[in-house]
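A.B. asks: pasting the sequence and the predicted model now:
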Amino acid sequence: MIDRLDHLVLTVASISSTLDFYHRALRFEPREKDGRWSLHFGRQKINLHQQNHTFDPKAAHPTPGSADLCFIATQSLEQIMRRLAEEKISTEEGPVARTGALGPMTSIYFRDPDRNLIEISVYDKTF
């Protein structure tokens with residue numbers, strides 16, 4: 001019945017800080033359309049809502065820092081960790097073994113400017 005996630009929405013304290021962070025850290029592509037900002041990667045996007053300036057309809061309690069997101073990397077975690085270090089973004093945990101939707105994977109964790117928990121993972125085998 002459902003194929004995939006198309007987009008999700010993050011409520012953020014600062015659109016500009018969020019755009020900058022995700023572009024520097026993960027090379028997400030910022031885009032603006034009709035005054036609304038989003039971050040694009042692969043076949044998905046993250047729509048950004050400024051705290052206290054959200055669009056309807058919206059979550060019942062949109063709050064910066066309440067997300068826990070996991071992204072699957074196309075590069076090795078070593079490459080991702082080097083990139084984060086170059087951008088002076090520290091990891092909180094990892095690499096550690098985890099289980100994702102398709103099975104065993106290895107993950108690292110860090111936080112974005114709103115303190116959302118960001119997990120970057122690589123599956124232990126190709127699916």
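C.D. replies: Structure received.

A.B. asks: what segments of the protein are strands?
C.D. replies: Counting by DSSP state E, the chain has these strands, from start to end: 7-12, 29-33, 36-41, 44-50, 68-72, 93-100, 103-111, 117-123.

A.B. asks: M81 is nearest to which of these?
C.D. replies: When the strands of the chain are ranked by distance to M81, counting by CB to CB, first place goes to strand 103-111 at 6.3 Å. Glycine gets a C-beta too; all of them are placed from N, C-alpha and C.

A.B. asks: list the buried residues of that closest one.
C.D. replies: For strand 103-111, burial by neighbour count (16 or more other CB atoms under 10 Å) applies to 105-110.

A.B. asks: which other helices and strands does it contact?
C.D. replies: In terms of contact count using 3 or more CB pairs under 8 Å, 6 or more residues apart in numbering; DSSP states H and E, strand 103-111 is assigned the packing partners helix 77-86, strand 93-100, strand 117-123.

A.B. asks: which one, of those, ends up nearest to A13?
C.D. replies: strand 117-123 (15.8 Å).

A.B. asks: how about that closest one: buried residues?
C.D. replies: By neighbour count, and taking 16+ other CB under 10 Å as the criterion, the buried residues in strand 117-123 are 117-122.

A.B. asks: among the residues you listed, which one sits closest to F28?
C.D. replies: Proximity of those to F28 was ranked by CB to CB; the top entry is I118 with 11.2 Å.

A.B. asks: in contact with the closest one, which residues?
C.D. replies: Applying CB atoms under 8 Å, 6 or more residues apart in numbering, we find I118 in contact with 25, 69, 71, 109-112.

A.B. asks: check those and tell me the two furthest apart.
C.D. replies: For the contacts of I118, the maximum inter-member distance is 13.8 Å, found between F71 and R111 (CB to CB).

A.B. asks: ok, back up a step: is it possible to get a markdown table of the buried residues of strand 117-123 that adds distance to L8?
C.D. replies: Listed next are the buried residues of strand 117-123 as a markdown table, based on distance: CB to CB, whole Å:
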| residue | distance to L8 |
| --- | --- |
| L117 | 14 |
| I118 | 13 |
| E119 | 14 |
| I120 | 16 |
| S121 | 17 |
| V122 | 21 |
